[in-house]
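**Student:** Could you work out the structure for the sequence below:
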Amino acid sequence: MTRAWAARRSLREPASFDAWFDRILVNCCRERLRRRNKIREIPLPEGGEAERGDEFASVLARDSIGRALASLTLDQRTVVVLRFWLDLSLEQIADRLAWPLGTVKSRLHHALAAMRVTIAGDDPEVQS
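**Tutor:** As a prediction, the model looks like this:
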């Protein structure tokens, strides 16, 4: 990443390279999302052969999760992705984003609650 290379002199402790680099990466992603400010949808091809039922259910579940993620604020989405996709602990997320631990916990709690509401709206049989 060119921004990390340009900012290499700002790294004070080489031992904390991962957190420093992740912070630059998160900031770049947030800037891109702010500029884009819309969700890209990929249309499914029509008239293809029928897929197995389980694969279709998997696509629907991913689509439902995608809609739930899209309904979150940028900060909430960032915390959810770092927690569940990168499998970082709450302390690691707080360190990498330079936020207080309580803020990370609060944003994750509110994000998961909002996702539950969105997913329940997609499927009336989903229970909280």
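**Student:** OK, contacts around the spatially most central residue of the chain?
**Tutor:** For the chain, residue 81 is the residue whose C-alpha lies nearest the centre (Cα atoms, centre = their mean; 3.0 Å). Residue 81 makes contact with residue 69 under the criterion Cβ atoms under 8 Å, 6 or more residues apart in numbering. Every residue, glycine included, has its C-beta placed from N, CA and C.
**Student:** what's the distance between it and residue 12?
**Tutor:** As judged by Cβ to Cβ, to the nearest Å, residue 81 and residue 12 stand 27 Å apart.
**Student:** With residue 69 instead?
**Tutor:** Taken as Cβ to Cβ, the span from residue 69 to residue 12 is 34 Å.
**Student:** So for the two, which residue has more residues nearby?
**Tutor:** For the pair residue 69 and residue 12, the greater number of neighbours falls to residue 69 (17 against 8), based on other Cβ atoms under 10 Å.
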